[in-house]
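J.: Whatever this is, show me its structure:
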Amino acid sequence: MRSSHLVWACLLSVGTAQHAFAQKQDSTSIATDNTVATQTVSAEPNVDVSIIDTEQTTSAKHPRLDALKELKNITKNDLKVNATAAQPDAVKDPLQPLNREIYAFNDSIDRNIARPIAVQYKAKVPEDVRGSYSSFRKNLSEPWNAVNQIAQGRFSRAAKSLGRFTINTVSSLGFADPASRLGLTLEEESLGTTLGYYGVPSGPYLMLPILGPSTLRHSVDYVAEGYANPLWQQSHAQDQTGLVWGNRVLGGINTRAKLLDVEDVLQGDRYSAIRDIYLQRVAFNIAEKQGKGAEAVSFVDDDGTE
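T.: Numbers count the residues shown, from 1 in each chain. Next up is the predicted model:
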């Protein structure tokens, strides 16, 4: 699974307590505001307190509806931004109300479904088997890595990726990685990274249902990489698409299991931490491929604003 997907799984998994705590705080705040508002308007003549109470209660019960209403404030300039972790929230994350609602949904799925399955998977499947399956999935991505590297004009790197795919497939069907011992290291790619390599703006940060953190630019990865996967090509030709989806589900569980030991690392506002980690990772990957290195990336703490 790609590094960006690994980040996603971390982001999806570590946010288990934040949403519930936030909801409790919001509920307390709303109740206090309603009391103050009711006391204020009750002293005013000709004001129907029941109408105000109804409107406030409706807003509190439908936060997702309120989040959707925020979309009408989005402008074309908001969609053209090149989001980085160091930017203000209003610039990099103009869809934050909606993104937080999707994050809460993803968190609920993780707590109730993904994490319990991952715990059992890690406990019952030997580590060597899990490692071999991870190698198999990474090997399937090598042809797509090479395609993107050719598109970036990095032909020698593309040759290494194709060499990795050939050696690992012939020697072990991809379940092992002897190519790394020969000096052919893995370098993962995506269409979104290639677009960023040529200066295409990322667009605002997005939290996608189930799929997790992304940007407008990187959202195309999920479709493009699916069609580029050799397993998809073979299974589609034989009308066995269930095999592809089974591999994707098992891949998600396998990745989630890797993160069980580090899921408590993030503290505080986990949504913001997840977003900034993702944006930093994307910016660093692109800068590294452009030969610029870490000095070209603005990190969250660089300007002391966050």
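
J.: Was I right to think residue 196 contacts residue 286?
T.: Yes: in this structure, residue 196 is within contact of residue 286 by CB atoms under 8 Å, at 4.3 Å. All C-beta spots, glycine's among them, are computed from the backbone N, C-alpha and C.

J.: pLDDT score for residue 285?
T.: We have a pLDDT of 94 for residue 285.

J.: Give me the phi and psi for it.
T.: phi -60, psi -40 (degrees, to the nearest 10).

J.: Hmm, it is touching residue 192, no?
T.: No: if you go by CB under 8 Å, residue 285 and residue 192 don't touch, sitting 9.7 Å apart.

J.: With neighbour numbers in mind, choose between these two.
T.: Each of residue 285 and residue 192 has its neighbours counted (other CB atoms under 10 Å); residue 192 has more, 27 against 21.

J.: Can you show me the helices along the stretch 51-200 of the chain?
T.: Using DSSP state H, counting those that start in this stretch, the helices of the stretch 51-200 of the chain run over residues 63-69, 76-79, 89-92, 96-109, 115-124, 127-140, 142-151, 155-172, 178-181, 191-197.

J.: which of the residues in the longest one are buried?
T.: Counting neighbours by 16 or more other CB atoms under 10 Å, one finds that the buried residues in helix 155-172 are 157, 158, 160, 161, 162, 163, 164, 165, 167, 168, 169.

J.: can you check the fourth one too?
T.: Going by neighbour count (16+ other CB under 10 Å), the buried part of helix 96-109 is 96, 97, 98, 99, 100, 101, 102, 103, 104, 106, 107.

J.: Which single one of the residues you listed is nearest to residue 277?
T.: Lowest distance from residue 277 to the buried residues of helix 96-109 (CB to CB) belongs to residue 103, with 13.5 Å.

J.: The nearest residue to residue 230 once chain neighbours are set aside - how many residues pack around it?
T.: Leaving out its chain neighbours, the residue that sits closest to residue 230 by CB to CB, 6 or more residues apart in numbering is residue 140, at 5.8 Å. Residue 140 has 20 neighbouring residues, counting by other CB under 10 Å.

J.: pretty sure residue 140 contacts residue 175?
T.: No: between residue 140 and residue 175 there is no contact under CB under 8 Å: 11.2 Å.

J.: hmm, back to that, with distance to residue 280 added, can I get the helices of the stretch 51-200 of the chain in a markdown table?
T.: Below are these laid out as a markdown table (distance: least, CB to CB, whole Å):
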| stretch | distance to residue 280 |
| --- | --- |
| helix 63-69 | 25 |
| helix 76-79 | 21 |
| helix 89-92 | 11 |
| helix 96-109 | 17 |
| helix 115-124 | 25 |
| helix 127-140 | 22 |
| helix 142-151 | 21 |
| helix 155-172 | 23 |
| helix 178-181 | 26 |
| helix 191-197 | 13 |
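
J.: for those, which one sits closest to residue 251?
T.: Shortest distance between residue 251 and the helices of the stretch 51-200 of the chain, using CB to CB, is found for helix 127-140: 5.3 Å.

J.: Residues touching that closest one, excluding its own?
T.: Helix 127-140 has contacts (CB atoms under 8 Å, 6 or more residues apart in numbering) with 1, 121-122, 164-165, 168-169, 173-177, 186, 188, 229-231, 247, 250-251, 254, 257-258.

J.: The same query, at a cut-off of 6 Å, please.
T.: Under the contact criterion CB atoms under 6 Å, 6 or more residues apart in numbering, helix 127-140 has outside partners 1, 168, 174, 175, 176, 177, 229, 230, 231, 251, 254.
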